[in-house]
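Undergrad: Make a model of this:
(one chain, ligands or ions: 1)
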Amino acid sequence: MNEPVNQRLDGIRVAFVMTGSYCQLARALAAMSELVHQGASVLPVISYNVRDFDSRFGKAAEWRELIADITGVEEIIDTINGAEPIGPKSLADIMVIAPCTGNTIAKLALGITDTPALMAAKSHLRRGAPLVVAISSNDALAANAKNIGLLLNTRNVYFVPFAQDDPHNKPTSIVAEMELIPETVAAALTGKQLQPVMR
Ligand SMILES: Cc1cc2nc3c(=O)[nH]c(=O)nc-3n(C[C@H](O)[C@H](O)[C@H](O)COP(=O)(O)O)c2cc1C
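TA: Modelled structure (predicted):
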């Protein structure tokens, strides 16, 4: 187990990247709100899919409004061009991808950079800064297991502790405990993976 972590995040600059696990967006936003509450400043980034598509969980425009309300940032990064400076200009102390889809996990593990979310991560990782991943994927214990394995073994990548969310009906699905994002961030800032990583 980790030592208890300092839960205040005063002055910490968090780039918060959201991808298209629509059912988890509200939960991730609650964690974003908690980061702000704990003193962090949040730079929001959204994938093309979050930017462009409405779903039964909410409209794209409404998600944008909520993000702007929480962060105070009107210009959400939603293009590859917009995300590219995050690393070179050192715009974040730590990055969180929450929720992180199976799609983004797979591409991140394999070095593909074709969305704002992936550009943000690549740009941030290249300067050796910590990246926290909050997975939400129905194929985490199937097609994506190997990609999660690669990222578990990648320097500067940390995982928000995760669990099977519905083992009988969705036996290959894993979802991170989004409520643990602030604690995972605090641990990652000291170079530690919050444990236990599997719940
Ligand atoms: C309603 C809806 C819910 C979805 N939920 C998930 C999910 O929970 N996890 C996941 O990995 N993909 C989910 N997807 C699929 C992703 O949105 C899709 O793979 C997309 O390409 C992700 O792109 P992104 O990772 O760039 O945001 C969902 C799609 C829809 C339409």
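Undergrad: Now the most centrally placed residue in the chain. Nearest residue, chain neighbours left out?
TA: Taking Cα atoms, centre = their mean as the criterion, Ile97 is the residue nearest the geometric centre of the chain, at 1.3 Å. By the measure of Cβ to Cβ, 6 or more residues apart in numbering, the closest residue to Ile97 outside its immediate chain neighbours is Val17, 4.5 Å from it. The C-beta positions use only the backbone N, C-alpha and C, and glycine is treated the same way.
Undergrad: who's in contact with that neighbour?
TA: Residues in contact with Val17, defined by Cβ atoms under 8 Å, 6 or more residues apart in numbering, are 44-47, 95-98, 100, 116-117, 120-121.
Undergrad: hang on, it in a strand?
TA: Yes - read with DSSP: H, G, I helix; E, B strand; the rest coil, Val17 is one of the residues of a strand.
Undergrad: Look up which residues are beta-bridged to it.
TA: With beta bridges defined as DSSP bridges, Val17 has these partners: Val45, Ile97.
Undergrad: any idea how far it lies from the ligand?
TA: Val17 sits 9 Å away from the ligand, taking Cβ to the nearest ligand atom, to the nearest Å as the criterion.
Undergrad: repeat for Cys100
TA: 8 Å.
Undergrad: How about the contacts made by that residue?
TA: Cys100 sits in contact with Val17, Thr19, Ser21, Val133, Ala134, Ile135, Ser136, Ser137, Ala176, where contact means Cβ under 8 Å, 6+ apart.
Undergrad: got these as a markdown table, with distance to Pro196 columns?
TA: A markdown table is the format used below for the contacts of Cys100 (distance: Cβ to Cβ, whole Å):
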| residue | distance to Pro196 |
| --- | --- |
| Val17 | 24 |
| Thr19 | 25 |
| Ser21 | 22 |
| Val133 | 16 |
| Ala134 | 16 |
| Ile135 | 15 |
| Ser136 | 19 |
| Ser137 | 19 |
| Ala176 | 13 |
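Undergrad: just checking, which of those residues belong to strands?
TA: When strands are assigned by DSSP state E, the members of these inside them are Val17, Val133, Ala134, Ile135, Ser136, Ser137, Ala176.
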